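Undergrad: Compute the structure for the input listed below.
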Amino acid sequence: MIQNFSAPENELQRPRTFETPLHFPWIARFWAQFFSVIFHPLFIPAIGAWFLAFVQPGYFTGIAPHEKTMIVIRVGYNTIFYPALTVVLLKALGFSKSIFLKNQRERIIPYITTNIFYFWVFLVLRNQPEVPAILTGFIFGAFLASSAALLANIYYKVSMHALGVGSLCGLMLIIIFSGFTYAVFLMAMLVFIITGVVSTSRLIVSDHKPFDIYSGILISILCQFIAFAVIS
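TA: Okay, the predicted model is just below:
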């Protein structure tokens, strides 16, 4: 008697997919969530401003420490508080189901709000001659990246975290190309490692696909170079 080892008809008709979510151990999810919070995209403009003011202080020559601190605080206040407040209000008013903005429709208004405040910070910094052009360009690049993400959001859910760390990568590449030093190279390597860690974290604790991550990084790097070319 010959047995039929062919797959059942329903198995043959079932489409193959490579999007089945993977299950990671709790320790991996914990650290992935930790890095997702520490390097949340809302914090990136303030991190970049702090880096330029205190870690790479050559750009802030002649500016007193308290003045540099105030510049970083102003950048952080306008790029963290107001966009975050918008997200909380949207959730409270029922326009979004979660503050984590899990679908593309929920991200439209936060993108628009972020663009408004990024552009406002850019205009303020541009009219302050003591602020170095590289910081002004960095904020303008973040505005361009957020604007590009708003357009991309029509077609797919680009990763906001990737947009954030991509902006830092673009900033480091601009600094390296402007004047290479060994210290800057080490900091750039650290930023690239952080970018890899954050990107991997988003694949672990979110529903993003690799394309959402890679495209977000590339968009931000490109926007940083465009902003640098315009400002300089």
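Undergrad: Tell me which residue is most central in the chain.
TA: residue 164 (1.5 Å; Cα atoms, centre = their mean).
Undergrad: so where does that one fall, helix or strand?
TA: helix 160-178 (DSSP states H and E).
Undergrad: Need the CA coordinates for the next helix or strand after that helix. CSV is fine.
TA: Later in the chain than helix 160-178, the nearest helix or strand by DSSP H and E is helix 182-205. Extracted C-alpha coordinates of helix 182-205, given in CSV (Å, rounded to 0.1, in the frame of the first residue of the first chain):
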residue,chain,number,x,y,z
TYR,A,182,40.7,60.9,16.6
ALA,A,183,38.3,62.0,19.4
VAL,A,184,35.5,62.7,17.0
PHE,A,185,36.1,59.3,15.3
LEU,A,186,35.6,57.5,18.7
MET,A,187,32.4,59.5,19.4
ALA,A,188,31.2,58.6,15.9
MET,A,189,31.8,54.9,16.5
LEU,A,190,29.9,55.2,19.8
VAL,A,191,26.9,56.8,18.0
PHE,A,192,27.0,54.2,15.3
ILE,A,193,26.9,51.4,17.9
ILE,A,194,24.0,53.2,19.7
THR,A,195,22.2,53.4,16.3
GLY,A,196,22.6,49.6,15.9
VAL,A,197,21.4,48.9,19.4
VAL,A,198,18.3,51.2,19.1
SER,A,199,17.5,49.8,15.7
THR,A,200,17.7,46.2,17.0
SER,A,201,15.6,47.2,20.0
ARG,A,202,12.8,48.5,17.8
LEU,A,203,12.7,45.2,15.9
ILE,A,204,12.4,43.4,19.2
VAL,A,205,9.7,45.4,21.0
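Undergrad: The helix holding residue 164 packs against which elements?
TA: helix 44-50, helix 133-152, helix 182-205, helix 210-231 (3 or more Cβ pairs under 8 Å, 6 or more residues apart in numbering; DSSP states H and E). (Glycine included, C-beta is placed from N, CA and C.)
Undergrad: Identify the spatial nearest neighbour of the residue nearest to the centre of the chain, chain neighbours not counted.
TA: Setting aside the residues directly before and after it, residue 164 is nearest to residue 41 in space (Cβ to Cβ, 6 or more residues apart in numbering), at 3.5 Å.
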